[in-house]
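Peer 1: Here's a sequence, model it:
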Amino acid sequence: MRGVGYAIDGHTVFDGLDLIVRRGGITGIMGPSGTGKTTLLRLMTAQIAPDRGQVKVWGRDLATLSAAGVFAMRKRMGMLFQNGALLTDLDVFENVAFPLREHTNLPEPLLRTLVLTKLQAVGLRGAADLAPAELSGGMARRVALARAIVMDPELLIYDEPFVGLDPISRGMIVRLIRQMNEALGITSVVVSHDVPELAQIAHDSYLLSGGRVVATGTPQELRDSSLAVVRQFMEGSAEGPVPFHYPAPDYYQALLAVENP
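Peer 2: Next up, the predicted model:
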């Protein structure tokens, strides 16, 4: 991404964003809530277009791609959605098989072999016949990961993979992200605000704030930064340049307006 600018209803999300994802590595993207981390992924997958600047994936400028080109590009990507996004009317097996049924004409024996192989990789082959409602949060996230890799993507994107998980499940997901990256030789992008987990797996990290990248480097380099905004985020401090309150009119005047409509 080069000089990317993007606004929603006049609210600036990105203002001159520069970011590079290295092939074969795990890139962590961090930032306080509301800094546009999920919006960044939508730009990366051509769901939305920047107001200015350039987004290139595998050397192709997304703005130049036709609809067919965008869909072809997305087939080379896998996505682990923040909430798992499992299809509630399908069992675990069919959830993982869904991309294969939509995009290929594989014979059923081969399709079954692929699905079971991916479920084995995430430790859930024995849960193939369960419904999503029968899964714990950590199990659902692992099923979603199996679905994300069933097409053998070159780029695997994780949107807040650790949110809402207990410590054991978080540890499992951390290990799976590392293993998938190493075993499959893919490129991974992990968007999260969970500093300890990203520090275990990321080769490069970016910290977003105020519509820009305010720091980049290894997790250790970010922890050692002297910048106030970086230290506030890495230390989880309530005090610092990142405000707690969303911009609003004067509080006292707003209360007076309620009392004297």
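Peer 1: Quick check, T27 in contact with D204.
Peer 2: Yes: judged on C-beta atoms under 8 Å, T27 makes contact with D204 at a distance of 5.0 Å. Using the backbone N, CA and C atoms, a C-beta is placed for each residue, glycine as well.
Peer 1: which residues does Y206 bridge with?
Peer 2: Y206 has these beta-bridge partners by DSSP bridges: I29, T216.
Peer 1: Which pLDDT does the model give it?
Peer 2: Y206 is assigned 87 on the pLDDT scale.
Peer 1: confidence score at I157?
Peer 2: In this model, I157 carries a pLDDT of 90.
Peer 1: Would you agree M172 is in contact with M139?
Peer 2: No: between M172 and M139 there is no contact under C-beta under 8 Å: 9.6 Å.
Peer 1: got the contact list for S192?
Peer 2: For S192, the contact set (C-beta atoms under 8 Å, 6 or more residues apart in numbering) comprises G28, I29, M30, K37, Y158, E160, P161, F162, V163, L198.
Peer 1: Going through those, which ones are buried?
Peer 2: Taking 16 or more other C-beta atoms under 10 Å as the criterion, what is buried in these is G28, I29, M30, K37, Y158, E160, P161, F162, L198.
Peer 1: Return the distance of the helix or strand hosting the fifth one from the chain's centre.
Peer 2: Assigned by DSSP states H and E, Y158 belongs to strand 155-159. Distance of strand 155-159 from its chain centroid, counting by C-alpha atoms, centre = their mean, to the nearest Å, is 5 Å.
Peer 1: Now that strand - C-alpha only, CSV.
Peer 2: C-alpha atoms of strand 155-159 as CSV (Å, rounded to 0.1, in the frame of the first residue of the first chain):
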residue,chain,number,x,y,z
LEU,A,155,-2.1,-15.5,1.2
LEU,A,156,-3.9,-16.2,4.5
ILE,A,157,-5.6,-13.4,6.3
TYR,A,158,-6.6,-13.5,9.9
ASP,A,159,-9.1,-10.9,11.2
